[in-house]
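Enquirer: Next one to model:
(one chain, ligands or ions: 1)
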Amino acid sequence: MDHFQYQNGQLMAENVPLSQIAAEVGTPVYVYSTATLERHFRVFSEAFEGLDALVCFAVKANSNLAVLKTLARAGAGADVVSLGELTRALRAGIPGDKIVFSGVGKTRGEMRAALEAGIKQFNVESEAELEALSHVAGQMGRIAPVSVRVNPDVDAKTHEKISTGKSENKFGIAWQKVDAVYARIMELENLEAVGVDLHIGSQLTDLAPFREAFERVLTLVKDLRTKGHNIQHIDLGGGLGIPYDPSAATPPQPSAYGAMVREVLQGLDCSIILEPGRMIAGNAGLLLTKMLYEKQGENRVFYILDAAMNDLSRPAMYDAYHGIVPVKEAQDSETVKADFVGPVCESSDVFAKQRETTPLEAGDLVAIKSAGAYGAVMASTYNSRPLVPEVLVSGNKYAVIRPRQSLEELLSLDDIPSWLSEED
Ligand code: LLP
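Expert: Numbering: from 1, shown residues only. Next comes the predicted model:
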């Protein structure tokens, strides 16, 4: 459930009309709902009540400091994959001991900063990274807590570009090598194996692949313990899907996911870490945009929006479905089919093809739904389009939590070398 509902014919973000935000901040603009973020975090956490569980929000899904602070206050930890994300998490008040560091290419500088911050664990993805981390920790006189990200070789049955747990993916350490890697950790003085980690993919709509992977890990943990490794926690990663397309299969509820985890891991005496991103932030945000023009093609009508693939790239990158609804509630049931497109000069700049919608006119506001995760964070300035602003609503108030980038700011990132600026 989210807090974007119609009231008196107007789509609201909690108690703030989206039309007001459009008038005052302009479009396109990302709008997030505090109540929805908090609700999703609570519902997800409650699914693991009674277990020793730490919910680390995957910062990559939405890294705005205000969003992170909202979640930090609700008790969230963070899953980070770069120095930038680590710095954001710390700046938002998430304590180091609630931060896990994932990712296949951590630099030594990133390792140093994370050790300095006293993070809970490094999710290590290769033997080479292990050696580097041991070296850095040694130089600092520290012991780095590590979990090995294992690749359980299961098919997550999600979009190819967001599947991570198959042997052909770059992620994790192959099942057959895991034993040797843990043995090596034992040899290295500055590392301590504290857990096991996995993440098999994103937007999973079925619990079966999770179950299969978790069962494999359960066996692994038992085995590692018999070999003397003090495995204290299992990091189960993120990946729980959210409803984007009402005509597609409904993803499992967090409670069902929690029940499955409980069942598989019962009696193991292990704490768990979870890294949800999309589940928390996805439906807590939308991209508010204005229709610029209607264009009649030969056999279809195009609704041209002021938002584009550079602002929200999911449809172009993953053929992702996003609901698109008018801000002014439709008065009658008449519908048409239209292609919702952006102004960028690429054929893939399409938010929806042949989508059934109420008829719209130039100037109408529309909301592209489920854009709170992997929306603003993946935006670019392609076509020299400045980054769009982000707004956080709470009850009947709202704040701009990232202003619209000005053209001057965008252009000032470039430099003209002296040999070009000299008068000739
Ligand atoms: N943990 C790790 C190690 C991850 O790689 C990811 C996502 C997550 C947690 C969070 O997964 P979630 O709960 O959000 O599914 N840009 C793509 C999604 C890429 C996901 C990458 N990793 C999209 O827009 O669909």
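Enquirer: For Lys328, list each beta-bridge partner.
Expert: Judged by DSSP bridges, the bridge partners of Lys328 are Gln10.
Enquirer: tally of neighbours for it?
Expert: Burial of Lys328 is recorded as 17 neighbouring residues (other Cβ atoms under 10 Å). C-beta: built from backbone N, CA, C; applies to glycine.
Enquirer: and what of Leu130?
Expert: 21.
Enquirer: Residues contacting the host helix or strand of Glu408, please?
Expert: For Glu408, the element it lies in under DSSP states H and E is helix 407-411. For helix 407-411, contacts defined as Cβ atoms under 8 Å, 6 or more residues apart in numbering pick out Thr381, Ser384, Pro386, Leu387.
Enquirer: Which of those sits closest to the ligand?
Expert: Ranked by distance to the ligand (Cβ to the nearest ligand atom), the contacts of helix 407-411 are led by Leu387 at 17.1 Å.
Enquirer: Check the separation of the first and last residues in stretch 174-181.
Expert: 10 Å (Cα to Cα, to the nearest Å).
Enquirer: Select the longest helix from this protein.
Expert: helix 208-226 (DSSP state H).
Enquirer: That one - contacts with which helices or strands?
Expert: Packed against helix 208-226, as judged by 3 or more Cβ pairs under 8 Å, 6 or more residues apart in numbering; DSSP states H and E, are the following elements: helix 178-187, strand 191-197, helix 254-265.
Enquirer: what would those look like in JSON lines with mean pLDDT, distance to the ligand and mean neighbour count?
Expert: Converted to JSON lines, the helices and strands packed on helix 208-226 look like this (pLDDT from 0 to 100; distance: least, Cβ to the nearest ligand atom, whole Å; neighbours: other Cβ atoms under 10 Å):
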{"stretch": "helix 178-187", "mean pLDDT": "96", "distance to the ligand": "17", "mean neighbour count": "16"}
{"stretch": "strand 191-197", "mean pLDDT": "97", "distance to the ligand": "8", "mean neighbour count": "23"}
{"stretch": "helix 254-265", "mean pLDDT": "97", "distance to the ligand": "11", "mean neighbour count": "17"}
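Enquirer: Throw these into TSV and include distance to Asn230, thanks.
Expert: Putting those into TSV (distance: least, Cβ to Cβ, whole Å) gives the following:
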stretch	distance to Asn230
helix 178-187	10
strand 191-197	7
helix 254-265	17
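Enquirer: between those, which gets nearest to Leu11?
Expert: helix 254-265 (25.9 Å; Cβ to Cβ).
Enquirer: Report the angle between the closest one and helix 208-226.
Expert: Angle between the axes of helix 254-265 and helix 208-226 is 30 degrees (criterion: axes from the mean of the first three to the mean of the last three Cα atoms, to 10 degrees).
Enquirer: Flag every residue of the chain that's near the ligand.
Expert: 58, 60-61, 79, 102, 162, 199, 202-203, 237-239, 275-279, 314, 318, 373-374 (Cβ under 6 Å from any ligand atom).
Enquirer: quick one: which of the residues you listed sit in strands?
Expert: Ala58, Asp79 (DSSP state E).
Enquirer: Let's see which of the residues of the chain next to the ligand end up in helices.
Expert: Going by DSSP H, the helices hold Arg278, Met279, Arg314, Tyr318 from these.
Enquirer: and the two most separated of those residues?
Expert: Across these (Cβ to Cβ), the longest gap, 16.9 Å, separates Met279 and Tyr318.
Enquirer: between these two, which one's more packed in?
Expert: Counted by other Cβ under 10 Å, Met279 and Tyr318 do not tie: Met279 has more neighbours, with 28 against 16.
Enquirer: what about the helix holding Glu408, distance to the chain center?
Expert: 27 Å (Cα atoms, centre = their mean, to the nearest Å).
Enquirer: can you pull out the strands in the stretch 301-424 of the chain?
Expert: In the stretch 301-424 of the chain, the strands defined using DSSP state E, counting those that start in this stretch lie at 301-305, 324-326, 336-341, 350-357, 365-368, 390-394, 397-402.
Enquirer: can you list contacts of the longest one?
Expert: The set of residues external to strand 350-357 that reach it, using Cβ under 8 Å, 6+ apart, is 300, 303, 305, 307, 309, 312, 315-316, 321-322, 324, 326, 335-342, 368.
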